[in-house]
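Participant: need a 3D model of the following:
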Amino acid sequence: MRLSASSPDVANAGNVFDGNSVTRWEASGTSPHEMIMALGGSFNVTEFRYLPSTFTRCTSYEVFVAPLNNGAWGPAVAMGTWGTDSAKKMASFPAKEGAFLRVLYGNPYCYAAEHNVVGAAIVAANLDPIITGGADRTAFLINGSSGLLNFVTPPPDFETPADAGGNNVYDVTVQVDDGQGPGGQATQDLAVMVTDVGDTQDGGGAAHSSLATDHANLATQIGAVSTTGEMSAQHDMLKTEHEDTQTAIAEVKTLVEALTLGAAAPPCGAGTEGQRFVADGTEVCDNTRGLYWDQNPDATTRTHATALPHCATLDLSNSQTCRLPEGSDLTRLLDYSQSAPALPAGHPFVNVQSADFYWSATSVVFTPAAAWYVFFNGGGVGANNKAFINFVWCACSGL
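Facilitator: Below you'll find the model as predicted:
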């Protein structure tokens with residue numbers, strides 16, 4: 001979330017995102033006073049936060065969220081009155097999708113030291129395929145970036161079928177996920193046939209040839225059928241079958257181009273095919289990224305400056321180099337269908353704190369004194385001054 005602010009009242013609205021509680025936004029005169037915050041992308045926004053200045057404080061508020069800054073804000077998502085003390089104030093509300101947040105303060109005089117917005121990023125579809133099922137799922141690997149489907153070494157032998165059905169047809173299910181939770185997945189069942197072609201593999205050419213023959217036979221049938229009278233219905237049916245076979249041939253061609261017989265192992269090692277997380281009691285390997293995570297991160301809060309060396313000196317069983325993770329590393333762990341913590345169901349992690357934030361190594365571009373964090377209670381993303389204290393969850397590369 002890359003925040004920026006504008007206000008018709010004063011020119012120093014950007015002070016509320018500079019990570020400095022001494023600088024402030026000042027508004028005085030006829031109320032209400034308006035501030036509009038550009039979030040830098042689309043988010044499911046759930047909370048607005050206000051840190052009072054040491055001077056005159058804002059107490060009466062209304063909060064609006066909208067996809068565009070065009071004046072069409074709709075009803076307020078939150079409104080009320082805060083106390084006059086110096087503690088950080090929060091306005092929470094049901095998730096509202098938007099790229100802009102507007103706050104109206106009803107006080108004639110109103111100073112704000114810092115503003116913050118909490119929300120889950122609405123990410124673009126991430127269509128990296130994974131293997132999710134099929135009787136012969138363990139016989140395959142899939143490259144998440146290129147989509148190439150591979151047999152695990154050794155390649156199957158036609159004379160000694162190793163598939164579950166014993167008929168040289170290997171069944172596997174692949175899935176893509178748009179990252180938006182339930183309903184955002186699509187699966188495809190594939191049947192990969194191994195044919196007897198001597199000592200060389202034709203990469204599925206026999207299946208392609210078989211469909212091509214069917215295509216030719218159907219074309220012949222269509223040519224022999226009268227298109228008039230009582231034969232027209234049969235002609236239409238055969239024409240449809242002909243077109244469906246053409247589509248099937250194109251799909252098989254695509255599969256043949258993607259199918260390679262190789263020996264590549266998944267990031268977490270041979271034997272972990274089809275598993276998202278592989279745990280050993282000390283650390284957890286993520287098969288989608290090849291990163292190793294501390295399985296039981298401590299509950300100590302640290303400043304950003306102390307979080308960096310803490311991870312650099314961490315020694316886990318199978319890891320070579322540990323570091324404070326980037327924001328993208330942390331958000332790839334999130335599952336927005338879950339909460340407290342927002343991690344995939346059945347995950348092997350313990351002691352993940354849901355009550356506060358986890359630091360990332362990613363600094364805010366326009367405010368280097370601040371860094372991004374992830375809130376694992378519901379998957380929110382935000383930024384804090386690096387002098388603040390947050391939890392730390394280290395990521396490591398394998399040996």
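
Participant: where does the stretch 251-399 of the chain have low pLDDT?
Facilitator: The model of the stretch 251-399 of the chain has pLDDT under 70 over residues 251-264, 317-319, 398-399.

Participant: quick one: contacts for the nearest residue to Leu308 once chain neighbours are set aside?
Facilitator: Leaving aside its sequence neighbours, Leu308 sits nearest to Leu324 (C-beta to C-beta, 6 or more residues apart in numbering; 5.3 Å). To be clear about C-beta, it is placed using only N, CA and C from the backbone, and glycine gets the same treatment. For Leu324, the contacting residues are 307-308, 310-311, 359-361, 392, 394-395, by C-beta atoms under 8 Å, 6 or more residues apart in numbering.

Participant: if you set the cut-off to 10 Å instead, what comes out?
Facilitator: For Leu324, the contacting residues are 302, 304, 307-312, 314, 330, 358-362, 371, 392-395, by C-beta atoms under 10 Å, 6 or more residues apart in numbering.

Participant: take these and keep only those in strands.
Facilitator: Of the positions in these, 358-362, 371, 395 sit in strands, assigned by DSSP state E.

Participant: max pairwise distance over these: which two?
Facilitator: Of all pairs drawn from those, the greatest distance, 15.2 Å, lies between Ala371 and Ala395 (C-beta to C-beta).

Participant: which element is Ser397 on?
Facilitator: Ser397 belongs to strand 395-398 when assigned by DSSP states H and E.

Participant: count of neighbours near Asp189?
Facilitator: Look at Asp189: counted by other C-beta atoms under 10 Å, it has 10 neighbours.

Participant: do Leu68 as well
Facilitator: Number of residues near Leu68 (other C-beta under 10 Å) recorded here: 10.

Participant: separation between it and Ile36?
Facilitator: 11 Å (C-beta to C-beta, to the nearest Å).

Participant: list the residues that contact both of those two?
Facilitator: By C-beta under 10 Å, 6+ apart, Leu68 and Ile36 have these common neighbours: Phe100.

Participant: which strand in this protein runs the most residues?
Facilitator: As assigned by DSSP E, the longest strand anywhere in the chain is strand 33-52.

Participant: immediately after that strand, which helix or strand?
Facilitator: strand 60-66.

Participant: can you list the strands that that next one pairs with?
Facilitator: Here strand 60-66 has these sheet partners by DSSP bridges: strand 78-81 (antiparallel), strand 89-105 (antiparallel).

Participant: direction-wise, compare the following helix or strand past the last one with strand 89-105 and give the angle.
Facilitator: Using DSSP H and E, the helix or strand that follows strand 89-105 in sequence is strand 110-121. On the basis of axes from the mean of the first three to the mean of the last three C-alpha atoms, to 10 degrees, strand 110-121 is oriented at 110 degrees to strand 89-105.

Participant: and the helices in this structure?
Facilitator: For the chain, the helices defined by DSSP state H cover 205-224, 232-258, 304-312, 327-331.

Participant: so which elements touch the last one?
Facilitator: Contact here means 3 or more C-beta pairs under 10 Å, 6 or more residues apart in numbering; DSSP states H and E; on that basis helix 327-331 packs against strand 110-121, strand 291-294, strand 357-364, strand 367-375, strand 380-385.

Participant: coming back round to it: got the buried residues for the longest strand of the chain?
Facilitator: Judged by neighbour count using 16 or more other C-beta atoms under 10 Å, the buried positions of strand 33-52 are 33-37, 39, 43-48, 50-52.

Participant: same thing with stretch 14-23?
Facilitator: Buried residues in stretch 14-23, counted by 16+ other C-beta under 10 Å: 14-21.

Participant: find the nearest non-adjacent residue to Asp294, please.
Facilitator: Excluding the flanking residues, the one nearest Asp294 by C-beta to C-beta, 6+ apart is Cys394, at 5.2 Å.

Participant: ramachandran coordinates for the one you found?
Facilitator: phi -90, psi 150 (degrees, to the nearest 10).

Participant: so who does it touch?
Facilitator: Cys394 is in contact with 283, 292-294, 297-298, 307, 310-314, 316, 319, 322-325, counting by C-beta under 10 Å, 6+ apart.

Participant: circling back: just say which of the strands paired with strand 60-66 is most tucked in.
Facilitator: Burial of these is given as mean neighbour count (mean count of other C-beta atoms under 10 Å); strand 89-105 ranks first at a mean of 18.

Participant: now that strand: mean pLDDT?
Facilitator: If you average the pLDDT over strand 89-105, you get 91.

Participant: same question, stretch 55-73
Facilitator: 88.

Participant: kindly check the end-to-end length of that stretch for me.
Facilitator: The first and final residues of stretch 55-73 sit 30 Å from each other (C-alpha to C-alpha, to the nearest Å).

Participant: tell me how far it lies from the chain's centre.
Facilitator: Relative to its chain's centre, stretch 55-73 lies at 29 Å (C-alpha atoms, centre = their mean, to the nearest Å).

Participant: before we move on, what about stretch 305-325?
Facilitator: Centroid displacement of stretch 305-325 relative to its chain, using C-alpha atoms, centre = their mean, is 24 Å.

Participant: in it, which residues are buried?
Facilitator: With burial defined by 16+ other C-beta under 10 Å, the residues of stretch 305-325 counted as buried are 307-308, 310-311, 314, 316, 318-319, 322-325.

Participant: same question for stretch 327-344.
Facilitator: By neighbour count with 16+ other C-beta under 10 Å, stretch 327-344 contains the buried residues 327, 329-336, 338, 341-343.

Participant: and those as JSON lines, adding distance to Ala279?
Facilitator: Below are the buried residues of stretch 327-344 laid out as JSON lines (distance: C-beta to C-beta, whole Å):
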{"residue": "Gly327", "distance to Ala279": "24"}
{"residue": "Asp329", "distance to Ala279": "18"}
{"residue": "Leu330", "distance to Ala279": "18"}
{"residue": "Thr331", "distance to Ala279": "21"}
{"residue": "Arg332", "distance to Ala279": "17"}
{"residue": "Leu333", "distance to Ala279": "14"}
{"residue": "Leu334", "distance to Ala279": "18"}
{"residue": "Asp335", "distance to Ala279": "17"}
{"residue": "Tyr336", "distance to Ala279": "23"}
{"residue": "Gln338", "distance to Ala279": "18"}
{"residue": "Pro341", "distance to Ala279": "16"}
{"residue": "Ala342", "distance to Ala279": "19"}
{"residue": "Leu343", "distance to Ala279": "13"}
